[in-house]
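Peer 1: Below: sequence and its predicted model.
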Amino acid sequence: MRIRYAVTAAVAVLGLTAAASPAVAATTAAVTKAQAVKIAKKKVPGAYVSDVEREREHGVRTWKIELEKGDWEYDVYVAVSTGRIVKFTRDYDD
């Protein structure tokens, strides 16, 4: 009985609820490879994916998606934690 009261009091003091747990988990969910590819293809419409790798860019875990369209090669770095594009490069393929 004393332990149950202590746990209940701790939950009340910290403001934790059963509903808060899924919300916290949802905000820390990682971006999948498929989601990163979709984000990159939205940045470069009509391009096809030539390679996908996991890397670190500017200290951030990223998906590096390499795309090709015409004579151009694109590298899109998508943050694993947020889905935000961290870096974008475009090179002409001679």
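Peer 2: Nice, thanks for sending it over.
Peer 1: residues contacting the most centrally placed residue in the chain?
Peer 2: By Cα atoms, centre = their mean, the mean C-alpha position of the chain lies nearest to residue 80, the distance being 2.8 Å. Residues in contact with residue 80 (Cβ atoms under 8 Å, 6 or more residues apart in numbering) are 30-31, 36, 54, 60-63. From N, CA and C alone the C-beta is placed, and that goes for glycine too.
Peer 1: do the same with residue 62
Peer 2: Applying Cβ under 8 Å, 6+ apart, the residues near residue 62 are 54-56, 77-80, 86-87.
Peer 1: Format the residues you listed as JSON lines; extra columns: pLDDT, secondary structure and distance to residue 45.
Peer 2: Formatted as JSON lines, the contacts of residue 62 follow (pLDDT from 0 to 100; DSSP: H, G, I helix; E, B strand; the rest coil; distance: Cβ to Cβ, whole Å):
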{"residue": "54", "pLDDT": "97", "secondary structure": "strand", "distance to residue 45": "24"}
{"residue": "55", "pLDDT": "96", "secondary structure": "strand", "distance to residue 45": "24"}
{"residue": "56", "pLDDT": "95", "secondary structure": "strand", "distance to residue 45": "27"}
{"residue": "77", "pLDDT": "97", "secondary structure": "strand", "distance to residue 45": "18"}
{"residue": "78", "pLDDT": "97", "secondary structure": "strand", "distance to residue 45": "16"}
{"residue": "79", "pLDDT": "97", "secondary structure": "strand", "distance to residue 45": "21"}
{"residue": "80", "pLDDT": "97", "secondary structure": "coil", "distance to residue 45": "23"}
{"residue": "86", "pLDDT": "96", "secondary structure": "strand", "distance to residue 45": "20"}
{"residue": "87", "pLDDT": "96", "secondary structure": "strand", "distance to residue 45": "19"}
